[in-house]
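# What follows is a protein structure lacking sequence information:
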């Protein structure tokens, strides 16, 4: 489900008393979205055998990893609030950290300056 339709579907499931597990993307299980739809997700979340499950590649079982420590240390410095500290933001933070490591490694082994040219060549 995409973000725009997720609240609509959850509300319809509740109206029709369809209490089944919901599998969705990580953006739909963020604190912001669940808080905005709390009235409708409570019944689904409290029904045995139902629930909302989000897919994502950000592991949240170990909050002591370097990625988590850095995320929680630096994300408020860019103006993020507690509601912004969700899987969607963590995924972006992980991607940025990965990109930075790649750029640094390339800079150490490259004979020329690092640039976007290999990924965005000028028109011929």
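Ah, there it is. What you are looking at is a predicted structure, and each value in this text was computed from that prediction instead of being measured.
# Show me the longest helix that occurs in this protein.
The single longest helix within the chain, with elements called by DSSP state H, is helix 87-109.
# Which other helices and strands does that helix contact?
helix 66-74 (3 or more Cβ pairs under 8 Å, 6 or more residues apart in numbering; DSSP states H and E). Where you see a C-beta, it was placed from the backbone N, CA and C, and this is true even at glycine.
# Run through the neighbouring helices and strands of the helix it packs on.
Secondary elements touching helix 66-74 (3+ Cβ pairs under 8 Å, 6+ apart): helix 87-109.
# Can you check the pLDDT for residue 123?
On pLDDT, residue 123 comes in at 68.
# Please read the previous query as pertaining to residue 96.
Looking at residue 96, its pLDDT is 76.
# tally of neighbours for it?
11 (other Cβ atoms under 10 Å).
# So which residues of this protein form helices?
For the chain, helices defined by DSSP H occupy the ranges 6-15, 31-36, 38-46, 66-74, 87-109.
# quick one, which of the ones you listed is nearest to residue 21?
Nearest to residue 21, of all these, is helix 38-46, at 9.0 Å by Cβ to Cβ.
# and that closest one, how far from the chain's centre?
Relative to its parent chain, helix 38-46 has a centroid offset of 21 Å by Cα atoms, centre = their mean, to the nearest Å.
# what does stretch 5-23 give?
Averaging C-alpha positions (Cα atoms, centre = their mean) puts stretch 5-23 21 Å from its chain's average.
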